[in-house]
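**Student:** Pasting the sequence and the predicted model now:
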Amino acid sequence: MHKVIIVGANFAGINAARVLLEGGCNVVIYERQAEIGYMGASFPLWVMGKVKEREQLFHSNIVELADAGAKVSTSCEVLSIDFSAKNITVRDKFGREFKDDYDYLILATGSRSRQFPVAGMDLDGIHYAKFFSDANACVQRLAAPEVKRVAVIGGGYIGCELAEACKKHGKDVLLLETDKQLLPTHFDPEFAGIMQDQLELLGVKIHFSRVRSFVGKKYVEQIVHEKGVEDVQLVLFCVGFYPVAEIGDELQRTIEGSYIVDEHQETNIKGVFAIGDCCANFHQIIGKHRASFFASNAMRTAHIAARRILGRDVKNPGSQNSSVVLIDKLYLGSTGITMRKAEELKIEVGYSDFTGKQFPAFMAVDNPDVKLRLLYRLKERVLVGVQIASQYDISSALNYYSLAIQERLSIEELSLMDLFFMPHFNHAYNYHMLAALGAS
Amino acid sequence: MKVIIIGLNHAGCAAARTILNLGGCELSIYDRNREISFLSCGMALWIGGQLASGEGLFYAHAKDFEDLGAKVYVDRGIEFIDFDKKLVKGLQPNGEPFYEKYDKLILATGSKTRPFNVLGADLENVVGTKFYRDAEKAVRILRDPEIKNAVVVGAGYIGTELAEACRRLGKEVALIDIAPRILYTHTDEKFSHLIENRLLENGVKLQMSERVLSFEGDSKVRSVRTVKGEYPAEIVFLCTGFEPVTELGRGVLKLGNQGAFLVDRKQQTSQKDVYAIGDCATIYDNSINDNNYIALASSAIRSGIIAAHNVLGQHMTSLGSQGSSGLSIYGMRLVTTGLSVKMANDRGIDVDYVDVVDKQLPASLRRSDNPDVHLRLVYRKKDRVIVGAQMASTYDMSGGIHMYSLAIQQGLTLERLAFLDNFFMPQIVGNNYYGKAAMRACTT
């Protein structure tokens, strides 16, 4: 029976543990935080009151894993790895240091919030949106009656979601983004504009401006940014993540500091795997190793590494960074690259936009618009990116496009794909087909 | 160049529109019916009173094509084609014959309800389920409050929908099929059961494994007699399937599955310069790697677009079909693509399958409104290539079946699909049931 040590117990670590336990491995887990299995993506739901109990924020717990046969130790720091002796050095919550041997090692050390060195960062009432402890402190502070105005820093997915959540909680909300648009990593301006309209409709105030400093005595009282000074009583930082990949000097890393892995999630040292936020997988379109901070990626990479250890020949087909966000009733989805990314990568792309209704006009149902953009390489005419927006839940179709990018489908092939038609669901001439035909 | 299209429904409309948009030829279009582009898949909605009128079920009119420069003759059938002389012959309204020459011909002659030869099939109020006039007649009959009992013969997609439609109007409804369960041909039992339950909960009687012996009545139908009993019926719907209309090619054009015009990936028939599209033609089926007969509006439209390009000398080839389809009965959505286990067994294809039942949203959120999603993946045992998928839920997860349709088209293995980048967002989708299904199949 293999002994596998997993460092880190969130989406990646826990999913790997489950597969390995089912496969009969001896699994030992060390986690730095006091909790395991916190589902960070449910933080906005908690703020909005859609999630009421603490347990609902967790997709797993120590008891579940222990019952399945894992040995789980929380509040433990893994200090170093001895690759030749195949052991790690751990410091537990009492400060005791000890060594533990492994046959296989899985690093699932995750990511941290990007730090932001501005004056006044040490004031109370300034929070990140990463760990349960962050969310817990933030939710408690939001309950204080003197907190009337919240500044959310960063207009990415989490920033937009938290801006909505704080607004629905009853606060005035200011959303700051340094770029010229919201969601700059995943959407072109035309789609980011839909998000902006949606948030403004909810009453969120948006500034495309950079934070200079925070002012206050004990708690934060004011935010100073490029375009003004405003009173705020709570600040939420959502300016992205960076990989936590400190242990293991011999392991190769990318410039951003992620562990580099092969298609089996194995690092340059045999028997040592890295999964989830701490590793960089080969990105098909970008053509380089890139970190991805999505839970979906964490889960996939976990399954791949665990199955590899169990002797199965599974490979990571690469990531398209497929993602969908829901703000109020607006679904915004993205997979592959944006126009801006294409320009950065010097990939010549064309795009085809199509806006249509979800259902035929004769259907007596709410019939929201669906806006779709397909991006394709001009030369090979291969699909490289898709953005979609609607007040209807069109998200399941994003998986179709994710596969189309993975399989390098051409825009012409997309226009002739067998997509079913039924008035309860869609149009005979549906937007997928028409967007693709529009590119021809 | 002169192009003639015979038949102006989904396939014909798609071909005509594409040809006219691309331009560069003369186009004449003939259809034996007055109504064109009727979405028969919306028929049940209209009959069930979910649409105010049937008008919305048309998306094109003869004038649309005339405005783009075509000559359109509706209500005018073609009687004969001389493939050697490249000539079509028909009758004018005054009974005089007319002739027109073509350089390229597109046959879009469609399909018709399969004849149902039992005693009394010609009684009044025995209604077909193909044309606008069928639907119109049904709506008119059902408006009469004296009509209290409806029988639907044939429990495929349209039959199942019509059973719901009649029940929505408050009629007593019996759905009869010779098969042991509804949706027998295309769907596995686990999934047809979900739909059956919806029908039963809403008071539709299911009379399965019953052969219809006769329709009884004097001039109007009064009841349906089967091997097991007699069911009162003031209206009967015939939903016994469709067959291709191919009389015009008889003796000349090669026929394929179910007697449909055999076509290649460019929609070309065995005769040079003659194309066939839509329900009258075969289609390449990627789930069996062979030609098949699959009558679906979605495929018809694509075949029309493909034929139009090739007629104009622009290369375009069909990717084939997986027979992807959808159905929604009392809010239960069923979407399928490729082969069911039953279809595979019938064809002697050795398959295995994996089932997943999952919640749409993460269970940890403990939401009361968290619908189940049922998923079955069917794959060939020998090479683990995915050949079919079925999904059912009250939630609209239908985009997922597009993904499986693509997977089957590409001949992907379970392994290739198991680690696809499927998004996760707890407010929208919890467990990645797609990945879960493929991964589970990988370990078996």
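**Tutor:** Looks like it arrived, so ask away. Residues are numbered from 1 along each chain as shown, chains lettered A, B, ... in the order given.
**Student:** wouldn't B:Y73 be in contact with B:Y30 here?
**Tutor:** Yes: look at B:Y73 against B:Y30 with Cβ atoms under 8 Å: they come within range, at 5.0 Å. Where you see a C-beta, it was placed from the backbone N, CA and C, and this is true even at glycine.
**Student:** shared neighbours, those two?
**Tutor:** Counting by Cβ atoms under 8 Å, 6 or more residues apart in numbering or on different chains, the common neighbours of B:Y73 and B:Y30 are B:G90.
**Student:** where does A:N136 land in three-state SS?
**Tutor:** Per DSSP: H, G, I helix; E, B strand; the rest coil, the local secondary structure of A:N136 is helix.
**Student:** Can you tell me how far it is from A:Y38?
**Tutor:** The gap separating A:N136 from A:Y38 is 10 Å, by Cβ to Cβ, to the nearest Å.
**Student:** The two - which one has more neighbours?
**Tutor:** When A:N136 and A:Y38 are compared for neighbours, A:Y38 comes out ahead with 25 against 17, by other Cβ atoms under 10 Å in any protein chain shown.
**Student:** Enumerate every residue touching residue 431.
**Tutor:** You didn't say which chain, so I picked chain A. Counted by Cβ under 8 Å, 6+ apart, A:Y431 has contacts A:F354, A:T355, A:G356, A:V370, A:L372.
**Student:** sorry, should have said chain B
**Tutor:** B:N431 makes contacts with B:D358, B:K359, B:P362, B:A363, as judged by Cβ under 8 Å, 6+ apart.
**Student:** Tally up the residues packed near residue 188, please.
**Tutor:** Since no chain was named, I'll use chain A. Neighbour count of A:D188, defined by other Cβ under 10 Å: 22.
**Student:** wait, chain B
**Tutor:** Neighbour tally, B:D188, other Cβ under 10 Å: 23.
**Student:** That one touches B:G338, doesn't it?
**Tutor:** No: applying Cβ under 8 Å as the test, B:D188 and B:G338 come out as separate, 11.9 Å apart.
**Student:** picking that back up, out of the contacts of A:Y431, which sit inside helices?
**Tutor:** Within these, membership in helices is found for no residue, as judged by DSSP state H.
**Student:** And those, which is closest to chain B?
**Tutor:** Closest approach to chain B among the contacts of A:Y431 (Cβ to the nearest Cβ): A:V370, at 11.0 Å.
**Student:** residues contacting residue 320?
**Tutor:** Just so you know, I chose chain A. A:Q284, A:I285, A:T335, A:G336, A:S402, A:I405, A:Q406, B:D421.
**Student:** look at chain B instead
**Tutor:** When contacts are counted by Cβ under 8 Å, 6+ apart, B:G320 is found next to A:D418, B:R265, B:I283, B:Y284, B:D285, B:N286, B:Q409.
**Student:** how about 6 Å then?
**Tutor:** With contacts defined as Cβ atoms under 6 Å, 6 or more residues apart in numbering or on different chains, the neighbours of B:G320 are B:Y284, B:N286.
**Student:** Neighbours of residue 134, how many?
**Tutor:** All of this is about chain A. Using other Cβ under 10 Å as the criterion, A:D134 is surrounded by 18 other residues.
**Student:** Chain B is the one I meant
**Tutor:** 19.
**Student:** Same check on the one 4 residues further on?
**Tutor:** Applying other Cβ under 10 Å, we find 24 residues neighbouring B:A138.
**Student:** and if you look at B:L200?
**Tutor:** Residues near B:L200, counting by other Cβ under 10 Å, number 12.
**Student:** same thing with A:V28?
**Tutor:** For A:V28, using other Cβ under 10 Å, the count is 20.
**Student:** could I have the host helix or strand of it exported to PDB, CA atoms only?
**Tutor:** A:V28 is located in strand A:26-30, with elements delineated by DSSP states H and E. What follows is the C-alpha trace of strand A:26-30 in PDB, where atoms were taken according to Å, rounded to 0.1, in the frame of the first residue of the first chain:
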ATOM      1  CA  ASN A  26      -2.500   5.300   3.000                       C
ATOM      2  CA  VAL A  27      -3.200   9.000   2.900                       C
ATOM      3  CA  VAL A  28      -1.700  11.600   5.300                       C
ATOM      4  CA  ILE A  29      -2.800  15.200   5.000                       C
ATOM      5  CA  TYR A  30      -1.200  18.300   6.400                       C
END
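**Student:** Give me the helices and strands touching the very next helix or strand once past it, please.
**Tutor:** Per DSSP H and E, the first helix or strand lying C-terminal to strand A:26-30 is helix A:43-48. Under the contact definition 3 or more Cβ pairs under 6 Å, 6 or more residues apart in numbering or on different chains; DSSP states H and E, helix A:43-48 sits against helix A:157-168.
**Student:** Give me the residues contacting the helix it packs on.
**Tutor:** The contact list for helix A:157-168, computed with Cβ under 6 Å, 6+ apart, reads A:44, A:47-48, A:129, A:150, A:152, A:173, A:175, A:199, A:202-204, A:236, A:238, A:325, A:327.
**Student:** Mark which of those residues are buried, thanks.
**Tutor:** By the neighbour-count criterion of 16 or more other Cβ atoms under 10 Å in any protein chain shown, the contacts of helix A:157-168 include these buried positions: A:44, A:47-48, A:129, A:150, A:152, A:173, A:175, A:199, A:204, A:236, A:238, A:325, A:327.
**Student:** just to revisit the earlier point, for the contacts of B:N431, work out which two are farthest apart.
**Tutor:** Checked with Cβ to Cβ, the contacts of B:N431 reach their widest spread between B:D358 and B:P362, with 10.1 Å between them.
**Student:** residue contacts, the residue of chain A found nearest chain B?
**Tutor:** Of all residues in chain A, A:F362 sits closest to chain B, with a separation of 2.6 Å (Cβ to the nearest Cβ). Residues in contact with A:F362 (Cβ under 6 Å, 6+ apart) are B:L51, B:G56.
**Student:** Give me the three-state assignment for it.
**Tutor:** Of the three states, A:F362 takes coil according to three-state DSSP.
**Student:** State the distance from the residue nearest the centre of chain A to B:K205.
**Tutor:** Ranked by distance to the mean C-alpha position of chain A (Cα atoms, centre = their mean), the top residue is A:F294 at 2.9 Å. The spacing between A:F294 and B:K205, counted by Cβ to Cβ, is 49 Å.
**Student:** Kindly provide the whole-number mean pLDDT of the longest helix that chain B contains.
**Tutor:** Among the elements of type helix in chain B, defined by DSSP H, the one spanning the most residues is helix B:297-311. On average, the pLDDT along helix B:297-311 is 97.
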